[in-house]
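Trainee: following is a predicted model, sequence given first.
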Amino acid sequence: MNKSKYFSVLSAVGVALVVAVVPVQAEQAKPGSSASTGNAEVFDFFYREAVKTSFRDQGIVKKSVLDTDETNRDCSAADVAGKPLDKKRAKEIEAINLKSIKWPSDGKFVGDWKQGEALAQSGRGLTYSDDAKTPNGGNCYNCHQLDKKEISFGTIGPSLYNYGKQRGVTDVNSPASKAIIEYTWGKIWNSKAYNACSNMPRAGHMGIMTEAQVRHLVALLVDPKSAVNQ
Ligand code: HEC
């Protein structure tokens, strides 16, 4: 079916839905009742269809990027409703994400901070103009300040300059540092385990970063020798 034909079929379906939904709404719109979801459903339907038909596979980016999980669906719905996600549901979502975190298989949380810095700088990978062999970057500077020497950084996330120092990490192998290092791994692996609707990408969970890469990023943040902690 060509596109214009597809859209006329779609419009017909839409009209049918409006015809079906509007009387229901009128019926429900009695004093004291709240009937307002009908039109939203029709618009949602059109929106999803329009997105589905206008996206295509391009290079390594497949249409499947539109398939979201329940975390994204609930957080988007809260966004659309213009209010924060219900507290109880937020806790459930954080628990689901926390359970999915892959902890380092060899128990080593801290890698090489210099490799971490290179990853934090790079926003490459996973776009239609990359090929499957382009190594993925962590893109951290896009949202965070890290090394004071780098003057180009985004501010969607808090500054992570002196991250380890401020949290008292003087020796990455000391038992006193364990909790903060584990949290740092978990946060990078799956940010939504600690903040259900975080804007931060779930680097490990979504397969953006490998275990070895997360190890280097943890080092960038916590290693007392790292540029972040000078
Ligand atoms: C699209 C923006 C964005 C990107 C990219 C991003 N972050 Fe974040 N990050 C945030 C936001 C927003 C927060 C604060 C809210 C929250 O905790 O979710 C945050 C919080 C954090 C925290 C927790 C800080 C604390 O005090 O508890 C850490 C650690 C962190 N980010 C590390 C990273 C690293 C490492 C990268 C790169 C792999 C990265 N972030 C990429 C947006 C981003």
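Mentor: Right, received. Where do you want to start?
Trainee: tell me the buried residues in stretch 80-91?
Mentor: By neighbour count with 16 or more other C-beta atoms under 10 Å, stretch 80-91 contains the buried residues Leu85, Ala90. No exception for glycine: its C-beta is placed from N, CA and C like everyone else's.
Trainee: please apply the same query to stretch 171-189.
Mentor: Neighbour-count burial for stretch 171-189 [16+ other C-beta under 10 Å]: Val172, Ser177, Ile180, Ile181, Thr184, Trp185, Gly186, Lys187, Ile188, Trp189.
Trainee: out of those residues, which comes closest to Gln166?
Mentor: Nearest to Gln166 out of the buried residues of stretch 171-189 is Ile180 (C-beta to C-beta; 10.1 Å).
Trainee: now do the same contact list for the spatially most central residue of the chain.
Mentor: Taking C-alpha atoms, centre = their mean, the centroid of the chain lies closest to Pro201, which sits 3.3 Å from it. Listed by C-beta atoms under 8 Å, 6 or more residues apart in numbering, the contact set of Pro201 reads Asn139, Ser191, Ile208.
Trainee: ok, and which of those residues reach the ligand?
Mentor: Asn139, Ser191 (C-beta under 6 Å from any ligand atom).
Trainee: quick one: Glu92 and the ligand, what's the gap?
Mentor: 17 Å (C-beta to the nearest ligand atom, to the nearest Å).
Trainee: what helix or strand is that residue on?
Mentor: Counting by DSSP states H and E, the element that carries Glu92 is helix 87-99.
Trainee: which residue ranges make up the domains of this protein?
Mentor: 1-54, 113-229 (automatic domain parsing).
Trainee: now mean pLDDT and distance to Thr68 too, for these, in JSON lines please.
Mentor: Putting the domains of the chain into JSON lines (pLDDT from 0 to 100; distance: least, C-beta to C-beta, whole Å) gives the following:
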{"stretch": "domain 1-54", "mean pLDDT": "61", "distance to Thr68": "11"}
{"stretch": "domain 113-229", "mean pLDDT": "97", "distance to Thr68": "11"}
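Trainee: of all the ones you listed, which one is nearest Asn72?
Mentor: When the domains of the chain are compared (using C-beta to C-beta), the closest one is domain 113-229, at 9.0 Å.
Trainee: re the thing from before, most tightly packed of the domains of the chain?
Mentor: domain 113-229 (a mean of 18; mean count of other C-beta atoms under 10 Å).
Trainee: what is the end-to-end distance of that one?
Mentor: From its first residue to its last, domain 113-229 covers 11 Å (C-alpha to C-alpha, to the nearest Å).
Trainee: just stretch 211-230 next, same as before
Mentor: Start-to-end, stretch 211-230 (C-alpha to C-alpha) is 26 Å.
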